[in-house]
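Colleague: The following comprises the amino acid sequence and a computationally predicted model.
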Amino acid sequence: MKRISYFLVFLAICIHTPLSAQEKKSTTDNVTVTATGEGITKDDAKQNALRNAIELAFGTFVSSKIEVLNDDLIKDEIITVSNGNIQKFDVLSEVQMPDNSFAVTVNAIVSISKLTSFCESKGVTVEFKGSLFAMNVRLQEFNEKNEEKAIDNLCEIIKKISETSFKYYIWTKQPLKCGELWQVPIIVQVGMNENFNNIPDLMYNTIKGLSMNFDEVKNYNDLNKFVYPLSIGLPNNISGYFFLRNKTSV
C-alpha cells in the first residue's frame, strides 16, 4: 500500500513539474474582439469600434485601470495598426442609422503583449499576465462576455433600424350602420422600406464574427463546458450554422 502511495506521489510530481514551468513562461498574446461603435461618419464609427475593442481587451488582460484610454493625447495612437496594438481588423458591417449617423461592427485582433508594452511605456502598471491555463480560462470568459455585449449592441441597433423600416398605408371605407352604432372599416397595410434590408446582413455578419471555430468548440467540450449551436435562415438566401458561448446570446 505504501509503495502504491509513493508511486502516486512520484507520478504527481512528474506530471506537475513540467506543467508549472510551462505555465510560468506562457501568456496569451492575440485576442479577437468583436465590437461596435457609432459616429457621425463611417470613419468615426470605425474608430470608436476599435477603441471599444481595445478597452475590452485592456480591462481584461492588462489592467483594470482604464484612465489611460481616456487621455486625448493617446486616444488615437493606441488604436493605430502600425504600432501593433491592433494587428488587423475586419469590418463586419456598416449601417446608416435613422438619424443619419453610422454604426460599424469590427472584428479586431488585439496584441496583448504589444498593448502591455505600450501601456508600460505610458507609466501604466500591468496587474496580471497570468499562466497558460489561467489565461486560457480568462480568454474564454472574455469571449463569453464580449459575445453577450456584442449581441446586446446588435439588438439595440436592429431596434433603432426597425423603428424606421416600415411604411404604412391607412384608408377607410364607407361607414356602415350597425344597430344603434356605426362601424367605420379601417384598412392598414404595412410594407418594408429599404432600411429593413440592412437587418439580415447586419445580423448574419455579426453572429458569423462571434461564432466559435472548431478548435474552440473542441476545447469547450474537453473542459465539459456547454456550446450553443445556432442555425440561421434569413432573406436573400443568407443562412449558416454557428456556435455561440452563451444561452442568453441564442
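Modeller: It's in. Numbers count the residues shown, from 1 in each chain.
Colleague: residues in contact with residue 103?
Modeller: Applying C-beta atoms under 8 Å, 6 or more residues apart in numbering, we find residue 103 in contact with 36-38, 45, 93-95, 97, 157. All C-beta atoms are positioned from the backbone trio N, CA, C, and that covers glycine.
Colleague: ok, the residues you listed vs residue 52, which is closest?
Modeller: residue 37 (5.6 Å; C-beta to C-beta).
Colleague: Go ahead and confirm the closest one touches residue 51.
Modeller: Yes. Between residue 37 and residue 51 there is a contact under C-beta atoms under 8 Å: 6.9 Å.
Colleague: Looking at the two now, which is surrounded by more residues?
Modeller: When neighbours are counted by other C-beta atoms under 10 Å, residue 37 and residue 51 differ, and residue 37 comes out ahead with 20 against 17.
Colleague: where's that one, which helix or strand?
Modeller: Assessed by DSSP states H and E, residue 37 sits inside strand 30-39.
Colleague: Direction included, what does that strand pair up with?
Modeller: strand 102-111 (antiparallel) (DSSP bridges).
Colleague: which is the next helix or strand following the partner strand?
Modeller: As assigned by DSSP H and E, the chain's next helix or strand after strand 102-111 is helix 112-121.
Colleague: buried ones in the longest helix seen in the chain?
Modeller: The longest helix of the chain (DSSP state H) is helix 132-162. Using 16 or more other C-beta atoms under 10 Å as the test for burial, helix 132-162 gives 135-136, 138-140, 142-144, 146-151, 153-154, 157-158, 160-161.
Colleague: cool, stretch 193-211 as well?
Modeller: The neighbour-count check on stretch 193-211 (16+ other C-beta under 10 Å) flags 195-196, 198-199, 201-207, 209-211 as buried.
Colleague: mind showing which ranges of the chain have poor pLDDT?
Modeller: Counting by pLDDT under 70, the chain has low-confidence residues at 1-28, 63-76, 81-82, 125-133, 135.
Colleague: all strands of it, in order?
Modeller: 30-39, 86-96, 102-111, 166-172, 176-178, 181-183, 186-192, 228-234, 238-244 (DSSP state E).
Colleague: Tabulate those (CSV), appending distance to residue 124.
Modeller: Converted to CSV, the strands of the chain look like this (distance: least, C-beta to C-beta, whole Å):
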stretch, distance to residue 124
strand 30-39, 18
strand 86-96, 17
strand 102-111, 16
strand 166-172, 48
strand 176-178, 75
strand 181-183, 72
strand 186-192, 49
strand 228-234, 36
strand 238-244, 33
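Colleague: and residue 77, which of these is closest to it?
Modeller: Smallest distance to residue 77 across those (C-beta to C-beta): 11.4 Å, for strand 86-96.
Colleague: which residues touch stretch 184-193?
Modeller: With C-beta under 8 Å, 6+ apart as the test, stretch 184-193 has contacts from 164-176.
Colleague: Could you identify which of these has the most neighbours?
Modeller: Neighbour-wise, the contacts of stretch 184-193 (other C-beta under 10 Å) top out at residue 165, 18 neighbours.
Colleague: wait, isn't that one in contact with residue 159?
Modeller: No. Between residue 165 and residue 159 there is no contact under C-beta under 8 Å: 10.3 Å.
Colleague: bridging residues for residue 106?
Modeller: Here residue 106 sits in beta bridges with residue 35, residue 91, going by DSSP bridges.
Colleague: Could I get the contacting residues of it?
Modeller: 34-37, 46, 49-50, 53, 89-92 are the contacts of residue 106 under C-beta under 8 Å, 6+ apart.
Colleague: Please tabulate these in CSV, including the columns distance to residue 239.
Modeller: Shown next, in CSV, are these (distance: C-beta to C-beta, whole Å):
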residue, distance to residue 239
34, 20
35, 25
36, 23
37, 28
46, 28
49, 26
50, 30
53, 28
89, 26
90, 21
91, 22
92, 17
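Colleague: closest to residue 223 among the residues you listed?
Modeller: Proximity of these to residue 223 was ranked by C-beta to C-beta; the top entry is residue 34 with 22.0 Å.
Colleague: With that, I have no additional questions.
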